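>>> Pasted the sequence and its predicted model underneath.
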Amino acid sequence: MSTQNQIDYERIAKAIEYIQSNFKLQPNLEEVAEKIHLSPTHFQKMFSDWAGTSPKKFLQFISLEHAKNLLKEEKASLFDTAYETGFSSTSRLHDLFVKIEGMSPAEYKNGGKSLTINYSFSETPFGTVITASTEKGICYMAFETDTNKALGDLQGKFPNASFFERQDEFQKNALSIFNKDWTKLNTIKLHLKGTDFQLKVWESLLTIPMGKLSTYGNLAEKIGNPNASRAVGTAIGSNPVAFLIPCHRVIQSSGHLGGYRWGSERKQLMVGWESSHIYS
């Protein structure tokens, strides 16, 4: 699915990778644009339309120094709830608008035989996404350019459910979080299959404000289980809903971004994209 958003996303990813790989040489705008086969003017416009800032400023937002500073801020205020609630409504989008409901065992037993699941493919700033929903809310969201693989992965989660390719209101509402105008955002309902512990971890991810970062250890402390950072990491790795549950905001305590289920490159661009919209 080579849509324009997907093409732009891949070009931006390639440009950032080239700048970082040649950082000591300090490539100029013309060199970077040439590398992705665009004119300097076209590249600059495409990048600023996507990121809301310049490539130079964007690189600061994905630097190790920026990540370390965010972790210092978070550690200093880990138990200060006023710190979390004091952010603007923009940075608290996920906390304020995304609501999780766990599936009952009856709903997901026998491979989800009782479930009817709608799914659709859409363009986002981070490439093509598959979004799926039950009659109660979003149950799955994943980045994948291969639509057959994307559908196969979804069906693997609920092998006996009934699937229909159609976009419903749950999906339209969820996808609106990728817009840059969040004034008309409605509550986004998630309907998730998970253990009590997983649901608790996923809910804690919603409290990390946009433009901020956390670590596995800090999240373990937040949920009252400071020795469970490894289990927290496993729960984060099994998050079924990309971006809406912002597991991309959890990084290593060293400040390095670490892995991501939908690609480390995508995680880096998400972190930079969010910071550029909050701080620029």
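Noted; the coordinates are in hand. Small disclaimer: the values here were computed from a predicted structure and weren't measured.
>>> Chain neighbours aside, what residue packs nearest to residue 4?
Spatial nearest neighbour of residue 4, chain neighbours left out: residue 123 (7.4 Å); criterion: C-beta to C-beta, 6 or more residues apart in numbering. The C-beta positions use only the backbone N, C-alpha and C, and glycine is treated the same way.
>>> That neighbour bridge partners, please.
In this entry, residue 123 is beta-bridged to residue 128, by DSSP bridges.
>>> list the contacts for it?
With contact taken as C-beta atoms under 8 Å, 6 or more residues apart in numbering, residue 123 is in contact with 3-6, 129.
>>> Among those, which ones are in helices?
Using DSSP state H, 4-6 are the members of the contacts of residue 123 that sit in helices.
>>> Can you flag the buried ones in those residues?
Restricting the ones in helices among the contacts of residue 123 to buried positions leaves 5-6, with burial counted as 16 or more other C-beta atoms under 10 Å.
>>> okay, the ones in helices among the contacts of residue 123 in JSON lines with pLDDT next?
As requested, those are exported to JSON lines (pLDDT from 0 to 100):
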{"residue": "4", "pLDDT": "84"}
{"residue": "5", "pLDDT": "85"}
{"residue": "6", "pLDDT": "89"}
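>>> which one of the ones in helices among the contacts of residue 123 is nearest residue 18?
Ranked by distance to residue 18 (C-beta to C-beta), these are led by residue 6 at 18.7 Å.
>>> Please report the distance of that closest one from residue 110.
As judged by C-beta to C-beta, to the nearest Å, residue 6 and residue 110 stand 36 Å apart.
>>> all strands for the stretch 51-200 of the chain, in order.
98-102, 116-124, 127-133, 138-143, 162-165, 188-192 (DSSP state E, counting those that start in this stretch).
>>> mind checking which of these is nearest residue 180?
Of all the strands of the stretch 51-200 of the chain, strand 116-124 sits nearest to residue 180, with 12.2 Å by C-beta to C-beta.
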